[in-house]
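J.: Next input, structure requested:
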Amino acid sequence: MNDALSLQYVKTTAELLKLPLEDAQAARVAVHLQRTAAMASLLDSAGLTAHDELVEIYCPAPFPAVDPAVLSTGLNV
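T.: Below you'll find the predicted structure:
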């Protein structure tokens, strides 16, 4: 995606979403969009398979059996 296309995309999308963007703001968003597209292109060309992807990156803490906030207020739920 070249400069003119990305800028036009940002302006058109902002208009459709009814987001007020000045020209300078749209230009900055277009630059970030191009950077993101470049990073995605690098990842696409890396040739990784699903097996290469890390399985577990985020592991939330177990949900507590009793809410500590309820204990501190003395309320019965």
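J.: centroid residue for the protein?
T.: residue 36 (10.5 Å; CA atoms, centre = their mean).
J.: which parts of the helix or strand containing that one are buried?
T.: Residue 36 belongs to helix 23-44 when assigned by DSSP states H and E. Neighbour counts over helix 23-44 (16 or more other CB atoms under 10 Å) mark 26, 29-30, 33-34 as buried. From N, CA and C alone the C-beta is placed, and that goes for glycine too.
J.: pLDDT wise, what is the residue nearest to the centre of the chain at?
T.: Residue 36 carries a pLDDT value of 94.
J.: on that earlier part again, can you tell me which of the buried residues of helix 23-44 is closest to residue 7?
T.: residue 30 (4.3 Å; CB to CB).
J.: mind listing what the closest one touches?
T.: Residue 30 makes contact with 3, 6-7, 9-10, according to CB atoms under 8 Å, 6 or more residues apart in numbering.
J.: Among those, which are located in strands?
T.: Among the contacts of residue 30, no member is found in strands (DSSP state E).
J.: Just those residues: which are in helices?
T.: Among the contacts of residue 30, the residues falling in helices (DSSP state H) are 3, 6-7, 9-10.
J.: Any stretches of the chain with poor pLDDT?
T.: Residue ranges of the chain with pLDDT under 70: 71-77.
J.: change it to 80
T.: Low-confidence segments of the chain (pLDDT under 80): 1, 50-59, 64-77.
J.: roughly how far apart are the closest residue to residue 1 other than its chain neighbours and residue 31?
T.: Nearest residue to residue 1, sequence neighbours excluded (CB to CB, 6 or more residues apart in numbering): residue 37, at 5.7 Å. Look at residue 37 and residue 31: by CB to CB, to the nearest Å, they are 11 Å apart.
J.: what do you get for residue 64?
T.: Residue 64 is 45 Å from residue 31, by CB to CB.
J.: how near is residue 26 to residue 5?
T.: 13 Å.
J.: And for residue 14?
T.: Taken as CB to CB, the span from residue 14 to residue 5 is 15 Å.
J.: Over to residue 22?
T.: 20 Å.
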